[in-house]
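Visitor: After the sequence you'll find the predicted model.
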There are 2 protein chains.
Amino acid sequence: MTIRVLLADDHPVVRNGLKGVIEREPDFEVVAEANDGAEAVVLGMRPEVDLAVLDVAMPRMTGLQAVEELARRRPGLRTLVLSMYDADQYVLAAIRAGASGYVLKSVADTDIVGACRAVMRGDSFVFPESTPQALRDQGELVRRGRGSKSDETLTARELEVLKLVAEGRTSREIAETLVISIKTVDRHRANIKEKLGARDRVDLTRYAIRRGLVEP
Amino acid sequence: MTIRVLLADDHPVVRNGLKGVIEREPDFEVVAEANDGAEAVVLGMRPEVDLAVLDVAMPRMTGLQAVEELARRRPGLRTLVLSMYDADQYVLAAIRAGASGYVLKSVADTDIVGACRAVMRGDSFVFPESTPQALRDQGELVRRGRGSKSDETLTARELEVLKLVAEGRTSREIAETLVISIKTVDRHRANIKEKLGARDRVDLTRYAIRRGLVEP
DNA sequence: GCCCGTATGGGTAGTACCACCCATCTTCGG
DNA sequence: CCGAAGATGGGTGGTACTACCCATACGGGC
């Protein structure tokens, strides 16, 4: 029984590395590759895909959005999220989005395969283990129904504002760009900060970069 | 005559992808792999290395710093910088640091090999070609001696302040951390902004992330 | 000796940001 | 139809940041 994998990463060389690692295993096979999140959703709907391995930061649609979409439209599919960063909040966000597992890109090749296997066994996998158990418990709780609605979901308008903030625009400039009042921009930014638990524009900037909304 | 390559990237899976791409060519051979910039400098000093391929963002020492160091200590070595971002200023910074070439991670595998070959032929290679010719000319000029000293060089103290700014600390917090007055923190930040041509803390944050001083 | 860069610190003013309060209007789902 | 959520906008006050001015001290190099 071979496990058929979808790889999604916007860097061909990374996809290639993953492909090499995964196809070295006799019972794994890469059956599809996506360049961005939107493509991943389309390809992930194919019935022959058993497991989707997605990078977080991708153009058009982030890996987390793709996971959310796939979890909704094809609940049986297992999803493993790859990320560069290991802060708790990213892990939590991924689990909340419905990911089956979360692995850092900085781990060894064999650990990535191990994560794939764990996820296919049905475990909710997080690596490295250094991540607090409490967090994983919370993730489990959330993932088992209850609150799958994360309060981190930004509206389309908020994403527009966040993008401009992270590009270094002032409230005045953003207001001119979006043709709304400065107060409304401030209001949006305040709402975003509250949703994300951010302190100031610097926090928002780092968040936007992690999400791939803007380049650093 | 085989070309012996040093790969430097902090993500094993990326190194693996590069290795696969490069060793598919009969006249290329990967003879060393580094996990960070500091390691890359050590391994790059080995005489059997002909070409060093380095990622920009790495722990301990960035790819650009490693290139600078290697260019100084082993001028004959060819260096190719890999980056996620294609803004002109990053390209220019890489060339200024002494890199022989600059390639985006988002290009196709074959183009990376092509870049390696171009660099080994002695070309100063920049990809994609969309980069303005004027920029490459300027890069050439700078690389041929003249002004290798950029006014972007921050002092040790300024780097400390920049790091804290990019972590989202306020002036007051930074002042307490470094045990100096708020005014001095402001003074440092103003100097940094002027050196980097940044407008505000958001710009500084993005810069610090590009340099790998902080995680996003 | 003198200048230059670096680090330190002060003053003053204007602007941006942030944290609260408040409201209206639309849209969408139960 | 009504309520919730989203987008819009206003007010007020406090804090942080930014842009200027200024000075002192220390070290190294010409």
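Guide: Noted; the coordinates are in hand. Numbers count the residues shown, from 1 in each chain, chains lettered A, B, ... in the order given.

Visitor: give me the number of residues near A:Val30?
Guide: Number of residues near A:Val30 (other CB atoms under 10 Å in any protein chain shown) recorded here: 16. Where you see a C-beta, it was placed from the backbone N, CA and C, and this is true even at glycine.

Visitor: beta partners of it?
Guide: Beta-bridge pairing for A:Val30 (DSSP bridges): A:Val5.

Visitor: so does the single longest helix found in chain A get close to DNA strand D?
Guide: Looking across chain A with DSSP state H, the single longest helix is helix A:182-196. Yes - for helix A:182-196, a contact with DNA strand D is found by CB under 7 Å from any atom of the strand, at A:182-184, A:187-188.

Visitor: Stretch A:191-205: end-to-end distance?
Guide: Chord length of stretch A:191-205, first to last residue, is 15 Å (CA to CA, to the nearest Å).

Visitor: Can you spell out which helices and strands pack onto the helix or strand following the longest helix of chain A?
Guide: On the C-terminal side of helix A:182-196, the closest following helix or strand by DSSP states H and E is helix A:201-210. Judged by 3 or more CB pairs under 8 Å, 6 or more residues apart in numbering or on different chains; DSSP states H and E, the packing partners of helix A:201-210 are helix A:156-166, helix A:182-196, helix B:156-166, helix B:201-210.

Visitor: Do any residues in helix A:201-210 lie close to DNA strand D?
Guide: No - using CB under 7 Å from any atom of the strand, helix A:201-210 never reaches DNA strand D; the gap is at least 7.8 Å.

Visitor: Per the annotation, how does chain A divide into domains?
Guide: As assigned by automatic domain parsing, chain A contains the domains A:3-143, A:156-210.

Visitor: Which stretch among these is buried most, on average?
Guide: Greatest average neighbour count among the domains of chain A goes to domain A:3-143 (a mean of 19), per mean count of other CB atoms under 10 Å in any protein chain shown.

Visitor: That one: how far from the chain's middle?
Guide: Computed by CA atoms, centre = their mean, to the nearest Å, the chain-centroid distance of domain A:3-143 equals 8 Å.

Visitor: what's the average pLDDT for it?
Guide: Averaged across domain A:3-143, the pLDDT comes to 83.

Visitor: you'd agree A:Lys19 is up against A:Val30?
Guide: Yes - with contact defined as CB atoms under 8 Å, A:Lys19 counts as touching A:Val30 (5.1 Å).

Visitor: Now do the shared contacts for the two.
Guide: Common neighbours of A:Lys19 and A:Val30, counting by CB atoms under 8 Å, 6 or more residues apart in numbering or on different chains, are A:Leu7.

Visitor: would you turn the domains of chain A into JSON lines with distance to B:Leu204?
Guide: Below are those laid out as JSON lines (distance: least, CB to CB, whole Å):
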{"stretch": "domain A:3-143", "distance to B:Leu204": "20"}
{"stretch": "domain A:156-210", "distance to B:Leu204": "8"}
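
Visitor: ok so, going back, what is the nearest of the residues of helix A:182-196 next to DNA strand D to B:Leu104?
Guide: Lowest distance from B:Leu104 to the residues of helix A:182-196 next to DNA strand D (CB to CB) belongs to A:His188, with 32.6 Å.

Visitor: Just to check, that closest one is in contact with A:Leu159?
Guide: No - counting by CB under 8 Å, A:His188 stays clear of A:Leu159, with 9.9 Å between them.

Visitor: Which helix or which strand is home to A:Arg46?
Guide: Secondary structure assignment for A:Arg46, by DSSP H and E: no helix or strand.
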